[in-house]
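[1] Sequence plus the predicted model coming up.
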Amino acid sequence: MAIQTNIISRNKFVIFISSFLVLVGLLQTVTAQSNAGYVYKQFQNPVRDRLIHGMFPSNFSWGVATSAYQVEGAWNEDGRGLTIWDTFAHEHGHIVDGSNGDMACNSYHKITEDVAMLKDLGVKHYRFSIAWSRILPEGTLSKINQAGIVYYRRLISALVEADIEPVVTLFHWDLPQSLQDVGGWSNDILAVHFNNFAELCYIEFGDWVKKWITFNEPSIFAKAGHEFGIHAPGYKHQGSTIYRVAHNILKAHAKAWHTYNKKYREKHKGQVGITLVSSWAQPSTKWHVDIMAAERYLQFEFGWFAHPILVNGDYPEVMKNQILEKSIAQGLSVSRLPTFSATEKELIQGTADFIGVNYYTTMLVSAWRSDPWPPGYEEDQDLRAWQDDKWPKSGATWLKCVPWGLRLMLNWIKNEYGNPPIYITENGVAEKMNDDDEPKLKDIWRIQYLVSHVNEMLKAYKLDGVNVRGYSAWSLMDNFEWADGYTTRFGLYHVDFKDPARKRTAKSSAQKYADIIKNNGFPIPASKLRYVPQIKPGLAVGGFPPAPPRPAGDVLPPGL
């Protein structure tokens, strides 16, 4: 059944920030370690950061995630069609180490080995994606590739036999190149082609697959591929194409949801959702303008897709107002943000049985008046976002380890959208590594990240009543990390990319995650339990680091 939610005002965010942990203390007390334990030396607020003990419900679903282009390989085997990532990665200069996903982890030929790793972890589900071009080489129903269907049936059958639930993502950025050649997601017809692809998957795999994710991180696909040019298809169309792409993705998602709802739900008894991503936006000061800037960040990142789907079929008001104001200042007569018709709003509203949430890190945010020219997605927001250099680092420059941001992000979603069913569909940390490096198998940094973030998820569930139902670690194994190639590694299993056999080796974090899964959280003998103290106002996020100085003469956005 579709999620029903209510619209809330922007000012609710202000109330949420100031009263968040007061409500935590009132909701429920929970047992905690008697020797207050912390994971990171940078985060030792005794109320916010101390690990707690507790367990998730018995039906909580633990898993890991991958995507087709990042692990499958076999890029030109058995009738698979070309994708935009094949084209992009084969062009010189796009990938840091000059690599590509031609072979990747060779998972296309390693179903048995990959499922064995999943069994060793003890996961309840495996989130993977179906390569559109492996099923439909041209992207349309004009040619159906039976070899691709057979491959995914073999994978799904192996999972089911191992008592592991297949969770399928339909689009994880690997658009068939033939569809890009007719305009890609800028072309309205893509919604029709995607719906046809989705329906074919429902028909072929729906007897076994009960959780479908239409799109993975559509905001990143739109931004990185059409605004910044760092992902396929590599466009730098500032402030324009990005919004058309997102607009058509929303319509495609809605079509696929309705197709399942009308034709396959009664028979297959499954669910269809979407996976969205955002960093937590922490106001850099207690100033009202910075609090509202943080809210704008969240609405542009997460609300961009969540608000149409979960609220009223349309974009957040703050997003519409910001882009219209900027568009007029740029000499346009209409907004660069497309509009939905009344029929389209009705089509989109309520089209999610669950929300997938990908969380990796947190940003500090302050209000900042951007120039109207040149136009751009970031400029439309009138804010600055950055990270504290003192926060724990990782092997990816963009990823600082900030576990408390996950709890706050989950609570914001709960309050903004009426506590929808949530699955954490990606969460993980990277190490920097090149092929010449020795395998980094004792990955203490990943154990720290896993323990701290799963524990914050536990707090959100036990203390705050967030409706979180599952967790997927990113990733099962080291893989092709898009523009970073193989220089950043997120896997619980190391993959030797110098070895034609792509040997997999468990890292220390694999055993730790297996222990968390086995224990269903962080249990402790009753004799060692005690209560968490009452949480007081103002301690939700600790002290505020100083914001960067504002240039002389800087003018804040009007009305903030």
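    Yes, it's here.

[2] quick one: secondary structure of Gly465?
    Three-state call for Gly465 (DSSP: H, G, I helix; E, B strand; the rest coil): coil.

[3] now do Glu344
    Glu344 - assigned by three-state DSSP - is helix.

[4] Just give the closest residue to it, not the sequence neighbours.
    Closest residue in space to Glu344, ignoring its immediate chain neighbours: Lys251 at 6.4 Å, by C-beta to C-beta, 6 or more residues apart in numbering. Yep, even glycine has a C-beta here, placed from its N, CA and C like the rest.

[5] quick one: that neighbour and Thr214, what's the gap?
    To Thr214, Lys251 is 11 Å away according to C-beta to C-beta, to the nearest Å.

[6] Who has more neighbours out of those two?
    Shown here are Lys251 and Thr214; by other C-beta atoms under 10 Å, Thr214 has more neighbours (27 against 21).

[7] Helix or strand next in line after the helix or strand harbouring that one, which one?
    For Thr214, the host element (DSSP states H and E) is strand 211-216. Of the helices and strands lying after strand 211-216 in sequence (DSSP H and E), the nearest is helix 218-226.

[8] any residues touching that following helix, and which ones?
    Under the contact criterion C-beta atoms under 8 Å, 6 or more residues apart in numbering, helix 218-226 has outside partners 84, 173, 185-186, 215, 230-235, 237, 241-243, 245-246, 249-250, 253, 274, 276-278, 301-302, 304-305, 377, 483.

[9] Show only the entries of those residues found in helices.
    Residues of these located in helices (DSSP state H): 84, 241-243, 245-246, 249-250, 253, 304-305.

[10] Low-confidence regions, the stretch 401-550 of the chain specifically.
    525-550 (pLDDT under 70).

[11] before we move on, what about the stretch 51-200 of the chain?
    For the stretch 51-200 of the chain, no stretch has pLDDT under 70.

[12] any chance you could map the strands in it?
    Assigned by DSSP state E, counting those that start in this stretch, the strands in the stretch 51-200 of the chain fall at 54-55, 61-65, 125-129, 165-171.

[13] Could you identify which of those is most buried?
    Highest mean neighbour count among those (mean count of other C-beta atoms under 10 Å): strand 125-129, with a mean of 26.

[14] what are the pairing partners of that one, and which direction each?
    Counting by DSSP bridges, the strands paired with strand 125-129 are strand 61-65 (parallel), strand 165-171 (parallel).

[15] Same list (those strands) but as CSV, adding distance to Gly395.
    Output for the strands paired with strand 125-129, formatted as CSV (distance: least, C-beta to C-beta, whole Å):
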stretch, distance to Gly395
strand 61-65, 18
strand 165-171, 24
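
[16] for those, which one sits closest to Arg154?
    strand 165-171 (11.7 Å; C-beta to C-beta).

[17] coming back round to it: for Ile517, find the nearest of the strands paired with strand 125-129.
    Distance to Ile517, taken as C-beta to C-beta, is lowest for strand 61-65 among the strands paired with strand 125-129, at 4.4 Å.

[18] about what we covered before: any of the contacts of helix 218-226 buried? List them.
    84, 173, 185-186, 215, 231-235, 237, 241-243, 245-246, 249-250, 253, 274, 276-278, 301-302, 304-305, 377, 483 (16 or more other C-beta atoms under 10 Å).

[19] about what we covered before: which two of the ones in helices among the contacts of helix 218-226 have the greatest separation?
    Farthest pair in the ones in helices among the contacts of helix 218-226, by C-beta to C-beta: Ile84 and Trp304, 21.6 Å.

[20] ok, now how distant is Gln499 from Asp484?
    Quick fix: residue 499 reads Asp, not Gln. Distance, Asp499 to Asp484, by C-beta to C-beta: 20 Å.

[21] more crowded one of these two?
    Comparing Asp499 with Asp484 by other C-beta under 10 Å, the one with more neighbours is Asp484, at 19 against 11.

[22] Now do the contacts for the more buried one.
    95-97, 396.

[23] ok, now Tyr235?
    Here Tyr235 is in contact with 225-227, 229, 241 (C-beta under 8 Å, 6+ apart).
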